[in-house]
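K.L.:
Coordinates for the following, if possible.
(one chain, ligands or ions: 1)
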Amino acid sequence: MEKLEHIGIAVKDLAVSNQLFEKILGAPHYKIEEVTSEHVNTSFFKIGETKIELLEATHPDSAIAKFIEKKGEGIHHLAFEVSDIHEAMQRMEEQGFTLLNKTPKRGADNKLICFLHPKTTNGVLIELCQSIEE
Ligand code: CMX
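P.N.:
Purely as a prediction, here's the structure:
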């Protein structure tokens, strides 16, 4: 793992939470992006080396809608940057972690991503992410 790339936070209302996190962090979000495949709207804040990703559901079937219904708003996942996502996924699978997608998916903020099932990671949803060179 290279670094903690971002912390994902599930929120009910992105506009309201953007204002809240701007107050906390002292800087506005730098990007808003819809990820249609994941049924989410996202916004990103940068604080030092790490980002905060706010996630709002755009559909009742979204993982974020289900999470908020069950647990309420709050920390949803930790995302670690890797230099080679295929290698990282293979290493995780060999060590017995359950991959939630067998091939990397396209995520927000120009990333290839893969999630590990929280049942195999002490209840923490972990995302592996690799930046896409364009
Ligand atoms: N962190 C920790 N635990 C979580 C969780 C999370 N974010 N989301 C769900 N869980 C728990 C559930 O509460 C449940 O626990 P219990 O069995 O103790 O009740 C358990 O995981 C399994 O839940 P499930 O009913 O099998 O499955 P869900 O339908 O709740 O799906 C998960 C859970 C993680 C498999 C699903 O949310 C998923 O595939 N996530 C990956 C994709 C994703 O999160 N996309 C949104 C973000 C996209 C982005 O960052 O761009």
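K.L.:
what residues does the longest helix belonging to the chain touch?
P.N.:
If you go by DSSP state H, the chain has its longest helix at helix 14-25. Helix 14-25 is contacted by residues 9, 11, 28-29, 32, 41-43, 45, 47, 52, 54, 56 when judged by Cβ atoms under 8 Å, 6 or more residues apart in numbering. To be clear about C-beta, it is placed using only N, CA and C from the backbone, and glycine gets the same treatment.
K.L.:
Return the set of buried residues in the worst-scoring helix or strand of the chain on mean pLDDT.
P.N.:
Counting by mean pLDDT, DSSP states H and E, the chain has its least confident helix or strand at strand 105-107, which shows a mean of 93. Neighbour counts over strand 105-107 (16 or more other Cβ atoms under 10 Å) mark residue 107 as buried.
K.L.:
Please tell me how far the most far-flung residue of the chain relative to its centre sits from the ligand.
P.N.:
What lies farthest from the middle of the chain is residue 94; by Cα atoms, centre = their mean that is 23.0 Å. Distance, residue 94 to the ligand, by Cβ to the nearest ligand atom, to the nearest Å: 21 Å.
K.L.:
now that residue: how far from residue 60?
P.N.:
36 Å (Cβ to Cβ, to the nearest Å).
K.L.:
Quick one: mean pLDDT over the helix or strand harbouring residue 67.
P.N.:
Assigned by DSSP states H and E, residue 67 belongs to helix 63-71. Averaged across helix 63-71, the pLDDT comes to 97.
K.L.:
what about it and the ligand, any contact?
P.N.:
Yes. Using Cβ under 6 Å from any ligand atom, a contact is recorded between helix 63-71 and the ligand, made by 63-64, 66-67, 70.
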